[in-house]
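Chemist: Kindly return the folded structure for what I paste below:
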Amino acid sequence: MHDLRKKIFESGKTVSKKARSRQQSAQGSPASSRGGSRATSRQASEDEESSDYEYTESLASSIIHSEDGDEVDLTAPSETLHNNIVDLLDQKRDSGQDRGDKLTAYTELIRHHPSAEEIDAQINELIPMLLKSVRGRRTAKGVIWALKALMMTILTSGGESLNDRVYPTLKSLCQNSDYDDDENELIKVTAIKAMSVSIMCGGGSATAAEEFLEFLIEIVQSDGHVIDAGDNGPVVTAALNAWGFVASGLDDLEEQSTEALEAFTEQLDSSDVEVQIAAGSNIALLLESAREYEEETGETWNMRYDQDGLLRRLNALTKESSKSISKRDRRQLHSNFHSIVTSLEHGKGPGYSTAKRFATNPHTGGNKTDFHDDYQEYGYRQKLRIQNISIVIDTWSLSARLGMLKSILGGGLASHYLNNPVIRDLLSGTKTEYTSTPSHDKHGRSDKATQGRKALRGLSD
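Modeler: Numbers count the residues shown, from 1 in each chain. Now for the predicted structure:
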């Protein structure tokens, strides 16, 4: 999945430090949360017993069907969005609640009906207005509304100069604590997520990405204290998830690999299951990147770590039995770390099953002896299914991207994948399969659509 990484930072301005150094040489140029991150309530995870982890998205929330099965365009999304933006920019007599309602309506509209044309036409007014709402900090809710609207705007527009305009404000917000603990936590989590989106989709350079990853490592190493969020599990988890998302866009992570691996390994001892899982996933992503780099260049990273000791620690988490962890969290922990250990032991991506099955179907005739022990592994079980498109999730880089996109877009991920080139570019270079067209019921709804949000599995917000 090297192509997946290179896709984001492949232009001349986004060459990594090490790559720039090599280019100069070629041209003759001079030369822990570890016992302490606060655990919080988490949403229910996928049942461990599920045999097929499919991520099924639907357009049920985006499209309305008539009784004859025809699509009914009741809202005229592009026109509605245009009017919404005009209304949003006119805030002269708005109360705080009015602004919040407008921002929420705008965010939800482009979550399900992305239209880069409408947004780009007003981008020079939208970005300053959203940044003003963030800087104003009148209420915590107002800041969060503005941050979510800003993320959705960047994801839909993908403007190349957006990162330079928004990143300083977002970082400043992340480092300040102007509200009570719960509000500060949510603002910091959202700001970290927004910074990662800005870097990846708003024209951030490789240098900007590397500096952001260093900032995230500082958050992880300090258990959040560096941004005044000491021992805060959700903030540390957000930093870990953002690291994986942005790291998936860099083709060479060697320069900070040792420091990052040490920070992630320490977080395996966190008291917060979400922190442990995010740290383990980043370890797998980092080692995957090193493996791919060696396969493609024949060179190995100078990454120092105790390989056997790390594998023992990861294996221990597949059997964690502490009574302080809920049964549900233990299932989640065991399932994720089984996937991570299998990945490292077999050189595979997430969700790979080594269980064997007949390579041919014994139910079509014959008996067991006819197949001559012709077995094959089940292989990758995680997929993103959108209509008749099935994307196999076979790398940790792709898993990190989908995890972040799902946390932001939710039920709008399918619509963005089908209609938003920014999201399509993020997920390009993946193994894609096409299945038969989903069947429809008498009202025109597909079988997938009728499942709604309950069909979403595996990717937690």
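
Chemist: Now do the contacts for the residue nearest the centre of the chain.
Modeler: With distances taken as Cα atoms, centre = their mean, Met404 lies nearest the centre of the chain, 1.9 Å away. Taking Cβ atoms under 8 Å, 6 or more residues apart in numbering, we find Met404 in contact with 193, 196-197, 241-242, 244-245. Quick note: C-beta positions are derived from backbone N, CA and C, even for glycine.

Chemist: Verify the stated contact: Leu130 with Thr153.
Modeler: Yes - here Leu130 lies in contact with Thr153, judged by Cβ atoms under 8 Å, at a distance of 6.8 Å.

Chemist: of the two, who's got more company?
Modeler: Applying other Cβ atoms under 10 Å to Leu130 and Thr153 shows that Thr153 carries more neighbours, namely 27 against 24.

Chemist: packing partners for the helix ranked longest in the chain?
Modeler: What stands out as the longest helix in the chain, according to DSSP state H, is helix 273-297. Judged by 3 or more Cβ pairs under 8 Å, 6 or more residues apart in numbering; DSSP states H and E, helix 273-297 is in contact with helix 2-8, helix 233-247, helix 257-266, helix 307-317, helix 327-346, helix 396-409.

Chemist: Return the most buried member of these.
Modeler: A comparison of the helices and strands packed on helix 273-297 by mean neighbour count, using mean count of other Cβ atoms under 10 Å, puts helix 233-247 on top with a mean of 28.

Chemist: What is it packed up against?
Modeler: helix 181-201, helix 206-221, helix 273-297, helix 396-409.

Chemist: Provide the contact partners of stretch 333-352 at residue level.
Modeler: So stretch 333-352 is in contact with 1, 45-46, 48, 53, 273, 276-277, 280-281, 283-284, 287-288, 291, 311, 314-315, 317-320, 325, 353-354, 377, 379-382, 393-396, 398-399, going by Cβ under 8 Å, 6+ apart.

Chemist: Please disregard the earlier target; I meant stretch 277-284.
Modeler: 220, 237, 240-241, 243-244, 247, 260-261, 264-265, 267-268, 270, 310, 314, 317, 332-333, 336-337, 340, 343-344, 350, 396, 399-400.

Chemist: now the strands for the stretch 351-461 of the chain?
Modeler: 352-358, 375-380, 383-386, 389-392, 431-434 (DSSP state E, counting those that start in this stretch).

Chemist: Tell me which of these is the most buried.
Modeler: strand 383-386 (a mean of 21).

Chemist: List the strands paired with that one, with their directions.
Modeler: According to DSSP bridges, strand 383-386 forms sheet pairs with strand 54-57 (parallel), strand 389-392 (antiparallel).

Chemist: And the residue nearest to Ser289 when sequence neighbours are not counted, how far from Ser397?
Modeler: Spatial nearest neighbour of Ser289, excluding adjacent residues (Cβ to Cβ, 6 or more residues apart in numbering): Leu253 at 5.1 Å. Using Cβ to Cβ, to the nearest Å, Leu253 is found at 11 Å from Ser397.

Chemist: between those two, what contacts are shared?
Modeler: Residues touching both Leu253 and Ser397 (Cβ under 8 Å, 6+ apart): 247, 289.

Chemist: how many neighbours does Asn232 have?
Modeler: With other Cβ under 10 Å as criterion, Asn232 counts 27.

Chemist: Now do the phi/psi pair for the residue lying closest to it once chain neighbours are set aside.
Modeler: Of all residues not flanking Asn232 in the chain, Gly224 sits nearest, at 4.5 Å (Cβ to Cβ, 6+ apart). When read as degrees, to the nearest 10, the backbone of Gly224 gives phi 90, psi -10.

Chemist: Hmm, Ala238 and Gly224 touching each other?
Modeler: No - using Cβ under 8 Å, Gly224 is not in contact with Ala238; the gap is 9.5 Å.

Chemist: now Gln122: how far from Leu89?
Modeler: Between Gln122 and Leu89 the computed distance is 7 Å (Cβ to Cβ).

Chemist: Which residue of the two possesses the greater neighbour count?
Modeler: Gln122 (17 against 13).

Chemist: Not counting its neighbours along the chain, what's nearest that one?
Modeler: Ile85 (5.1 Å).

Chemist: Just the pLDDT for that neighbour.
Modeler: At Ile85, the model reports a pLDDT of 88.

Chemist: Can you spell out which helices and strands pack onto the host helix or strand of it?
Modeler: Element membership for Ile85 (DSSP states H and E) is helix 77-89. In terms of contacts (3+ Cβ pairs under 8 Å, 6+ apart), helix 77-89 is packed against helix 96-112, helix 116-121, helix 123-136.

Chemist: His112 and Leu344: what is the separation?
Modeler: 38 Å.

Chemist: hmm, back to that, neighbours of the residue nearest to Ser289, how many?
Modeler: 23.

Chemist: thought it was touching Ala247?
Modeler: Yes - with contacts counted by Cβ under 8 Å, Leu253 reaches Ala247, the gap being 5.8 Å.

Chemist: Any regions of this protein where pLDDT drops low?
Modeler: Applying pLDDT under 70 to the chain picks out residues 1-76, 357-375, 437-461.

Chemist: May I see the helices and strands packed on helix 273-297 organised as a markdown table, with distance to Gly142 added?
Modeler: Shown next, in a markdown table, are the helices and strands packed on helix 273-297 (distance: least, Cβ to Cβ, whole Å):
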| stretch | distance to Gly142 |
| --- | --- |
| helix 2-8 | 31 |
| helix 233-247 | 20 |
| helix 257-266 | 33 |
| helix 307-317 | 40 |
| helix 327-346 | 33 |
| helix 396-409 | 19 |
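
Chemist: Tell me which of those lies nearest to Glu108.
Modeler: For these, proximity to Glu108 was assessed by Cβ to Cβ; helix 396-409 is nearest, at 11.0 Å.

Chemist: gap between the two ends of stretch 220-230?
Modeler: 10 Å (Cα to Cα, to the nearest Å).

Chemist: again with stretch 112-123
Modeler: 19 Å.

Chemist: Just the buried positions in that stretch, please.
Modeler: Across stretch 112-123, burial judged by 16 or more other Cβ atoms under 10 Å covers 112-116, 118-119, 122-123.

Chemist: Need the residues that contact that stretch.
Modeler: By Cβ under 8 Å, 6+ apart, stretch 112-123 touches 61-62, 75, 77-78, 80-82, 85, 89, 110, 126, 153, 155-159, 162, 411-412, 415-416, 419-422.

Chemist: Only whichever of the residues you listed are buried, select them in ChimeraX.
Modeler: Selection of the buried residues among these in ChimeraX, burial being defined by 16+ other Cβ under 10 Å:
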select :61,62,77,80,81,82,85,110,126,153,155,156,157,158,159,162,411,412,415,416,419,420,422
